[in-house]
Each structure stands twice: as C-alpha cells, then as structure tokens.
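1. Kindly return the folded structure for what I paste below:
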Amino acid sequence: MRRSGKFFICTFALTLCSALSIPAHAQTGSQHIIVAPQCLLQTMQGDYKTLSSQDSLSLLAVDEAGINQLIRAKHQQKKLCGGFMDVTRAWQTHKIKGLSAASTAAAFLKTYSGTTHSTLAAKNVNYTIQHEEQVQQLFKQINPQNMLDYLTTLTGFQDRYANSEHGVKAAGWIKSQVETIAEENHRDDVNVYTIATGTRYKQPSVIAKVGTSTGPGVVIGAHMDTLNGSFSKKPGADDDGSGSATVLETVRTLLSSGMRFKKPLYFIWYAAEEEGLVGSDFVVAEFKKNNIPVEAVLHFDLTGYAYRNEPTMWLIDDYVNKTLVDFLGNLISNYVKQPVKHTRCGYACSDHASWTQNGYAAAIPAEAAYENSNPDIHTTRDTMDKLSVSHMTDYLKLATAFAVEAAEPVT
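-> Got it, this is the predicted structure:
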C-alpha cells in the first residue's frame, strides 16, 4: 500500500522518538528473556541486551528478530552447542528484595546453570524389566501404517507454527484424534485437555491423561510445532512430526489393548518448542502449580531419519537423568534388540530440558548421532520420503515398552 509523504514523515518521527526513548530490548511488549549457551551467540546481530553471564550461559533480552536469529544459529551450528530457553514467564515472577538489577539477573541465571539434579523425581525408583509378557502382547498390536497416516495429516498443514492458525488446527486435530481413539475403545479413564502457551502463542499444548490415579505419573511426549511457513511450506515430517506420530500410535496401541496401569500416563504434544521450549515451560509450570507428581519423563524429538540406514538407536546423555537413560538402554536391548550408542545434544536442545531444569527425571533418545543429524529439518525438504518406517517403529516399540514397564500394568 502506498503511503503519502506526510503520513510517512509523521510515522517515521513517532517511530524514531519511541526508539530513542525505549530501546527495543527494553520494551516489555516485545522482549523475550532468554537463557542461551554463549557458543550460540557468536552469530547474533542486531539489538539485544546481555543481562548477565556466568559459566557458559548468558541471560539476554531480545526481540522477535533475536528469537529468529537464535533459531537459525541452533540449526546451523557446526560444533555441538545446544539450543536456548525462552524464560520470560519465569523472569516475570522472579523478584528478590534488596538486590540490584544486575544481582537479580545473576541470581536468576544461576538457577539455569549446570545440570539440575532430579530433586523432584520420586526417590528410590527401581527401574527394572518385569512385564515382558504384556510388552510383547502390545507389540503385536503396533501398526506402523497408523504412524504414516498420522504423519501424512501432520505434514499436510502449511506449517504447525505456534503462532499460526495452522498450528492451532494441528493441535486441535491431535486432541480430536486422541478423543476419538478413547471413545472407540470405550475408555472412561482418559482425559484430554490443553494448556495455553502464555499470551504470545496461539497454539496450546495437548495433554492426554490415561488412568485415574493421582500418584506419581509417567510422561511421554513430543513437540508438534514447526517453524513459520508463511513464505515456504514447513512440513516438519521429521521435526517433529515423527515424534508426534510415534506418541500418537503409542496411545492408540495402549488404549486399544484395554490394558490399565497402576500409575497415570501423561501423553503430551508440546507447542512452541522451536521458539525456545515455551510450550513445555508452561506445561511444567502447570504441573507444579497443581502439584501433579511425575516420576519419569520420556521425550521424542526426531525418530524417523536413519543415517545411512543404520539401525542403531541413540540415547542422549547430557542434561538428562542417568538412571533413566540406562533404563532406556536396557529396554532397547531387551525388547527392540537394536544396537545402542550414546550422543550429546548440548544445552536445552529440546523439551526434556524444561523438565530437567525443574528437577524431574527426564530422558530423550535420538534418531542419529549429533554429527549425523538430519540435514533437512527446518526446511521445505523435511518430508516423509526422507524417513525410515522401520527406524520410527523401533522408537515406537521403545515408547510402548517404556509405558508398560514404568507405569506398571494392573494384573
């Protein structure tokens, strides 16, 4: 639309005055407060402010352009570095009387430094394999074609971006799918609901609780969002349609079996992971607010790309609970019967980090070693034809075995 000269001058003057009086990083309506590893900031440009730095992390105030730069830096990193956390929600409630702004920022950042111990996880949990009969029974009901059908629908959206109508519709579709599965299998112990992702993102996270117990539960999740597809389609087949479809088929397999469990199972599809683990941050905050106890968290982010068709299953061993990771290795060896190797993904690489940061026992498998990651994620080329159905099925078996062994079937 063409603007008149007078309108342009007035608009420019107002914008200039605003910019001079309130720096972009200080405007509360647009700024995000970020914790990021310093290695991720090497390519950062534009207007942002460092509030504090310690160890290998920095606390930043950035605008929307800064978020996009961080996303690009995360994807383009050549050496292991990691991702970032948007901690705006926590920052807004963080107040310490008597401290200067610099000291407040330093105290806040300190809570994100290092690997948080799993202080809130149930103590004396003994992860052992003891329900082989039930696991093998469920393996017979797994249907990989269902995963492909789910993935076809998920990749059919222009994007699943957390601030687009497509992203909202994708969340609604997942919620509807789980509700339909529960209804078709006459399950009266399933509650499907959403948790809003603050006020900045339209897409909510979707939670399906299976079981009526209020005791310590087991969480299995994936993130459903993609980057913005306004200019080019973002199908997100691997990232993280693969994980979302894996969790969906795990739900269908369990519910159709009629099996009940001693512990509640929470299946979660997180919103806004790409924007700095925002959806999972709000989910964890809601769990804590409502005193919902959680014993173990398993997260699936990328399950479909098999580097050179290798069947090896990978387990990430940084920013996770070691006992839980060891248990996953035992499950793979005993049930999936594929080689197991370990890799690292750096600071806050996916939503499991939101749980780890808050003291819960969390773990995450990986489809490949870090250095052999899928080169097509975050692009229009992240499509279903690049994925391995057999590889995805192996992670589906892991999810199923984990659900049974961790939640313990009622016999």
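
2. And the strands in the stretch 201-350 of the chain, which stretches?
-> Assigned strands in the stretch 201-350 of the chain, in chain order: 205-210, 217-223, 265-270, 294-299, 313-316, 340-343 (criterion: DSSP state E, counting those that start in this stretch).

3. Tell me which of the ones you listed sits nearest to residue 394.
-> Nearest of these to residue 394, taken as CB to CB: strand 313-316 at 6.0 Å. C-betas here are computed from N, CA, C, even on glycine.

4. Return the list of strands paired to that closest one, each annotated with direction.
-> Here strand 313-316 is paired, per DSSP bridges, with strand 340-343 (parallel), strand 365-366 (antiparallel).

5. Following element in sequence after the shortest one, please.
-> Looking back up the chat, that one is strand 365-366. Per DSSP states H and E, strand 365-366 leads on to helix 389-407 as the next helix or strand towards the C-terminus.

6. Tell me the buried residues in that next one?
-> 389, 391-407 (16 or more other CB atoms under 10 Å).

7. for stretch 218-233, same thing?
-> Buried residues in stretch 218-233, counted by 16+ other CB under 10 Å: 218-229, 233.

8. Of those residues, which is the nearest to residue 44?
-> Set against residue 44, the nearest of those by CB to CB is residue 227 (18.1 Å).

9. I'd assumed residue 272 was in contact with the closest one.
-> No: assessed by CB atoms under 8 Å, residue 227 is found out of contact with residue 272, at 11.0 Å.

10. Spit out the residues that contact those two alike.
-> Common neighbours of residue 227 and residue 272, using CB atoms under 8 Å, 6 or more residues apart in numbering, do not exist here.

11. will you turn the strands of the stretch 201-350 of the chain into a markdown table that also has mean pLDDT and distance to residue 237?
-> Shown next, in a markdown table, are the strands of the stretch 201-350 of the chain (pLDDT from 0 to 100; distance: least, CB to CB, whole Å):
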| stretch | mean pLDDT | distance to residue 237 |
| --- | --- | --- |
| strand 205-210 | 99 | 19 |
| strand 217-223 | 99 | 13 |
| strand 265-270 | 99 | 16 |
| strand 294-299 | 98 | 18 |
| strand 313-316 | 99 | 19 |
| strand 340-343 | 98 | 21 |
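
12. mind putting these in a markdown table, distance to residue 245 included?
-> Output for the strands of the stretch 201-350 of the chain, formatted as a markdown table (distance: least, CB to CB, whole Å):
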| stretch | distance to residue 245 |
| --- | --- |
| strand 205-210 | 14 |
| strand 217-223 | 8 |
| strand 265-270 | 10 |
| strand 294-299 | 15 |
| strand 313-316 | 17 |
| strand 340-343 | 22 |
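
13. closest one to residue 356 among those?
-> With respect to residue 356, and counting by CB to CB, the nearest of the strands of the stretch 201-350 of the chain is strand 294-299 at 8.3 Å.

14. So what are the sheet partners of that closest one and their directions?
-> strand 217-223 (parallel), strand 362-363 (parallel).

15. export the ones you listed to TSV and tack on distance to residue 346?
-> Listed next are the strands paired with strand 294-299 as TSV, based on distance: least, CB to CB, whole Å:
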stretch	distance to residue 346
strand 217-223	17
strand 362-363	15
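
16. Those strands: which one's closest to residue 325?
-> Going by CB to CB, the one of the strands paired with strand 294-299 nearest residue 325 is strand 362-363, 4.9 Å.

17. How far off centre is the closest one?
-> Strand 362-363 sits 12 Å away from the centroid of its parent chain (CA atoms, centre = their mean, to the nearest Å).

18. mean confidence score for that strand?
-> The average pLDDT within strand 362-363 is 98.

19. same check, this time on stretch 181-200
-> Mean predicted lDDT for stretch 181-200 stands at 98.

20. Helices of the protein, start to end?
-> 5-21, 64-76, 88-92, 101-110, 132-139, 144-156, 165-184, 243-257, 278-289, 322-331, 352-357, 389-407 (DSSP state H).

21. and residue 33, which of the ones you listed is closest to it?
-> helix 88-92 (4.1 Å).

22. in that closest one, what counts as buried?
-> 88-91.

23. Then stretch 132-152?
-> 134-135, 138-139, 142, 146-147, 150-151.

24. Kindly report the same for stretch 364-371.
-> Buried residues in stretch 364-371 (16+ other CB under 10 Å): 364-368, 370.

25. got any ranges where the stretch 301-411 of the chain has weak pLDDT?
-> Low-confidence regions of the stretch 301-411 of the chain, defined here as pLDDT under 70, do not occur.

26. Just the pLDDT for the residue lying closest to residue 79 once chain neighbours are set aside.
-> Nearest residue to residue 79 in three dimensions, chain neighbours excluded: residue 39, at 7.4 Å (CB to CB, 6 or more residues apart in numbering). Residue 39 is assigned a predicted lDDT (pLDDT) of 94.

27. Okay then, goodbye and thanks.
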